[in-house]
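**Student:** Here's a sequence, model it:
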Amino acid sequence: MRSATKILVGRLSFVSLVVILICYRGRSENDSASSHFNVPTGQLEVPSTVPSSSDEFRTPGDGGGCPLSSSAPQGRSLQLDDLFSYESEWRSAPYNIFLQESSCNPKPSYRVWCAVESLAQQNPDALVWYIMTSPVADQSDDLAPSLTQIYKNLRVAKVDLKTVFSNTPLEDIYTAGLWRKNNTWPEINLADIMRLAVVWKMGGLYADSDVVCIRQVTQLTNMIAWQEGFTLGSGVFHFSRHHPVLKLVMEYIKENFQPEKWGSSGPIVFTRILKDLCDVKDKKKRCLGVSLLPIRSFTRFLRSYGRLCSCPRTRGQLGRDTHRRT
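**Tutor:** Got it, this is the predicted structure:
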């Protein structure tokens with residue numbers, strides 16, 4: 001099975017990228033484990049089965065828990081601590097990297113874990129956050145505890161969405177449930193606005209969960225990249241905490257929210273705001289202190305995940321997962 005994969009390469013020429021893809025070798029597990037961070041003990045314990053009647057999984061609501069209908073996982077599950085219980089960590093971290101799950105899925109695919117692992121592996125001095133709207137992570141394969149043991153800079157956390165959106169221009173859209181009305185992709189709408197609020201409140205690099213990182217990216221600050229056509233992508237970007245461009249983007253969405261229109265809260269709004277502010281029709285390189293990187297910075301490849309992913313823990317599982325899906 002072949003899939004479109006985004007490769008996070010920072011500022012690399014196309015030739016350099018080809019060389020890296022051919023020659024790159026993953027570091028050893030011992031090297032990957034070296035870091036300045038300690039693993040929270042709560043992430044290493046696998047508690048007993050979560051009851052299937054758990055209220056957190058029953059019904060989508062306007063509370064801070066699971067916002068979409070979902071079934072509780074069967075078997076062993078890892079209870080997740082809330083993202084905001086780690087506030088002292090993400091505030092003091094030299095660099096934050098965020099990936100997210102927005103559909104209340106307690107069992108992310110091995111492709112997602114590959115993306116998470118690649119970012120943790122290549123950026124040992126950053127804190128890598130995998131944020132789940134599910135309150136637990138299915139641990140039938142023990143993958144998440146294994147990854148957090150190896151990568152001391154990795155955190156897997158649930159998120160209270162009421163707290164994420166509180167005191168932001170997107171608060172009313174979330175609490176009124178507008179993101180899930182009159183459309184067939186509520187989890188996509190939620191993902192689009194959730195990434196903005198998270199980075200606005202915490203500051204850092206956001207990456208989609210299909211991004212495979214093959215080099216360190218902590219040198220990238222306050223940036224976004226061009227994508228296909230004449231639009232700016234929202235699959236990878238970095239903004240410092242409370243950056244004014246992010247606030248303008250959220251304010252525009254508040255006034256012009258179109259849940260039925262694909263991408264209206266992602267690439268479309270980023271492009272509109274930065275075009276209006278800086279007249280970037282000639283693809284200028286900077287706008288209001290934000291670097292506008294060329295399309296080759298974050299490139300898509302049609303390539304087997306199993307061959308591309310250098311993640312020692314998820315690579316074996318990935319092959320089996322791909323085989324089942326083919």
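**Student:** pLDDT score for residue 45?
**Tutor:** On pLDDT, residue 45 comes in at 31.
**Student:** got any ranges where this protein has weak pLDDT?
**Tutor:** Under the criterion pLDDT under 70, the flagged ranges of the chain are 1-75, 182, 229, 280-284, 299-326.
**Student:** go again using 50 as the cut-off
**Tutor:** Filtered on pLDDT under 50, the chain yields the residue ranges 1-5, 9-63, 302-309, 318-326.
**Student:** can you give me the strands for this protein?
**Tutor:** 3-8, 77-79, 96-101, 127-132, 136-138, 154-158, 204-207, 211-213, 223-226, 232-239, 286-287, 290-293, 298-303 (DSSP state E).
**Student:** Tabulate those strands in TSV, adding columns for mean neighbour count and distance to residue 196.
**Tutor:** Just so you know, the C-beta spots here come from the backbone N, C-alpha and C atoms, and that holds for glycine as well. TSV is the format used below for the strands of the chain (neighbours: other C-beta atoms under 10 Å; distance: least, C-beta to C-beta, whole Å):
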stretch	mean neighbour count	distance to residue 196
strand 3-8	19	19
strand 77-79	21	27
strand 96-101	23	11
strand 127-132	26	13
strand 136-138	23	24
strand 154-158	23	18
strand 204-207	25	9
strand 211-213	24	17
strand 223-226	22	12
strand 232-239	23	8
strand 286-287	15	17
strand 290-293	20	14
strand 298-303	16	18
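**Student:** So residue 287 sits against residue 278, correct?
**Tutor:** Yes - applying C-beta atoms under 8 Å as the test, residue 287 and residue 278 come out as touching, 3.6 Å apart.
**Student:** any chance of the strands of the chain in JSON lines, plus distance to residue 171?
**Tutor:** Output for the strands of the chain, formatted as JSON lines (distance: least, C-beta to C-beta, whole Å):
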{"stretch": "strand 3-8", "distance to residue 171": "30"}
{"stretch": "strand 77-79", "distance to residue 171": "27"}
{"stretch": "strand 96-101", "distance to residue 171": "18"}
{"stretch": "strand 127-132", "distance to residue 171": "18"}
{"stretch": "strand 136-138", "distance to residue 171": "26"}
{"stretch": "strand 154-158", "distance to residue 171": "20"}
{"stretch": "strand 204-207", "distance to residue 171": "19"}
{"stretch": "strand 211-213", "distance to residue 171": "28"}
{"stretch": "strand 223-226", "distance to residue 171": "24"}
{"stretch": "strand 232-239", "distance to residue 171": "19"}
{"stretch": "strand 286-287", "distance to residue 171": "27"}
{"stretch": "strand 290-293", "distance to residue 171": "24"}
{"stretch": "strand 298-303", "distance to residue 171": "30"}
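**Student:** so which of those comes closest to residue 148?
**Tutor:** Shortest distance between residue 148 and the strands of the chain, using C-beta to C-beta, is found for strand 154-158: 5.2 Å.
**Student:** Just want the angle from the closest one to strand 127-132.
**Tutor:** Put simply, strand 154-158 runs at 30 degrees to strand 127-132, going by axes from the mean of the first three to the mean of the last three C-alpha atoms, to 10 degrees.
**Student:** What segments of the stretch 51-200 of the chain are helices?
**Tutor:** For the stretch 51-200 of the chain, applying DSSP state H, counting those that start in this stretch gives helices covering 55-58, 87-92, 110-122, 143-150, 161-165, 171-175, 186-202.
**Student:** I should have written the stretch 201-326 of the chain there, sorry.
**Tutor:** Using DSSP H, counting those that start in this stretch, the helices found in the stretch 201-326 of the chain span residues 244-256, 267-278, 305-308, 315-325.
**Student:** if we can go back for a sec, out of the helices of the stretch 51-200 of the chain, indicate the one that is most buried.
**Tutor:** Among these, helix 110-122 has the highest mean neighbour count (mean count of other C-beta atoms under 10 Å), at a mean of 26.
**Student:** so what does that helix touch, helix or strand wise?
**Tutor:** Packing partners of helix 110-122 (3 or more C-beta pairs under 8 Å, 6 or more residues apart in numbering; DSSP states H and E): strand 3-8, strand 96-101, strand 127-132, helix 143-150, strand 154-158, strand 211-213, helix 315-325.
**Student:** so it versus strand 96-101, what angle?
**Tutor:** Helix 110-122 runs at 170 degrees relative to strand 96-101, counting by the same axes, to 10 degrees.
**Student:** now the angle between helix 143-150 and helix 110-122, please.
**Tutor:** For helix 110-122 against helix 143-150, the angle by the same axes, to 10 degrees is 10 degrees.
**Student:** Isn't residue 271 up against residue 232?
**Tutor:** Yes - at 4.8 Å, residue 271 counts as touching residue 232 under the criterion of C-beta under 8 Å.
**Student:** before we move on, the earlier item: now the helices of the stretch 51-200 of the chain in CSV, with distance to residue 209?
**Tutor:** Converted to CSV, these look like this (distance: least, C-beta to C-beta, whole Å):
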stretch, distance to residue 209
helix 55-58, 21
helix 87-92, 19
helix 110-122, 5
helix 143-150, 14
helix 161-165, 17
helix 171-175, 20
helix 186-202, 9
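**Student:** Could you work out which of these reaches nearest to residue 263?
**Tutor:** With distances scored as C-beta to C-beta, the stretch of these nearest to residue 263 is helix 186-202 (7.9 Å).
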